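Engineer: pasting the sequence and the predicted coordinates here, then a few questions.
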Amino acid sequence: MKKHYLILALGFLMACSPGKEIQTNTTGATSTTTSSTMQPHIDAVRQQFAPDKRTALFRVEQKGEVLSGETNMPEAKKQLLERLKAQSLTFVDSIQVLPQADLEGQHFGVIAISVANLRSEPKHPAELATQATMGTPVQVYKKKGAGTWCKPRINTWRG
């Protein structure tokens, strides 16, 4: 009776573990890869272009064959895609380059309250990343909702 439970448990573990996927690249050739094949390339580009997440945005993740996320550096996205193509990896590009087009050129702002809390995510309980005081110039990359949440970057220059 114990052997049946062991076989059942092994079968369950094998069914839940990530296996190898057969992928077809752009030339039609078939390659076998695991689900995290692109992660070392994503990490390398992040380290090269955005080692400090406070000064540069490169939030890209892999979900199967889909690369999703956002960056404010078109050259980082280009570098990542070139690296993946050089390795003949199959992927779907869903990386958004910021600032958003629907901002209609309104990419700059000034903090207009005495102290603005800048959070790591657009949620009230999210980690407080930093604060900005009145008069601090910011670049706006993205808006969520009716402009309640913005993804700003504090300009390090003072004019």
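Structural biologist: Received it, and whenever you're ready, just let me know what you need.
Engineer: break down this protein into its helices, ranges please.
Structural biologist: Ranges of helices in the chain, per DSSP state H, are 2-16, 39-49, 74-86.
Engineer: partner strands of the longest strand seen in the chain, parallel or antiparallel?
Structural biologist: Counting residues, the longest strand found in the chain (DSSP state E) is strand 137-144. According to DSSP bridges, strand 137-144 forms sheet pairs with strand 108-110 (antiparallel), strand 149-154 (antiparallel).
Engineer: now the weakest link among these, please, by mean pLDDT.
Structural biologist: Least confident of the strands paired with strand 137-144, judged by mean pLDDT, is strand 149-154 with a mean of 70.
Engineer: might you list the low-confidence residue ranges for this structure?
Structural biologist: 1-36, 146-149, 153-159 (pLDDT under 70).
Engineer: the closest residue to residue 98 other than its chain neighbours: what's it in contact with?
Structural biologist: Nearest residue to residue 98, sequence neighbours excluded (Cβ to Cβ, 6 or more residues apart in numbering): residue 141, at 4.0 Å. To be clear about C-beta, it is placed using only N, CA and C from the backbone, and glycine gets the same treatment. Neighbouring residues of residue 141 by Cβ atoms under 8 Å, 6 or more residues apart in numbering: 57, 72, 98, 99, 100, 107, 150, 151, 152, 153.
Engineer: try 7 Å
Structural biologist: Contact analysis of residue 141 by Cβ atoms under 7 Å, 6 or more residues apart in numbering lists 57, 72, 98, 99, 151, 153.
Engineer: do the same with residue 129
Structural biologist: Residue 129 neighbours (Cβ under 7 Å, 6+ apart): 118, 119, 120.
Engineer: these two touch, right, the last one and residue 127?
Structural biologist: This points to residue 120. Yes: counting by Cβ atoms under 7 Å, residue 120 sits close enough to residue 127 to count as a contact (4.3 Å).
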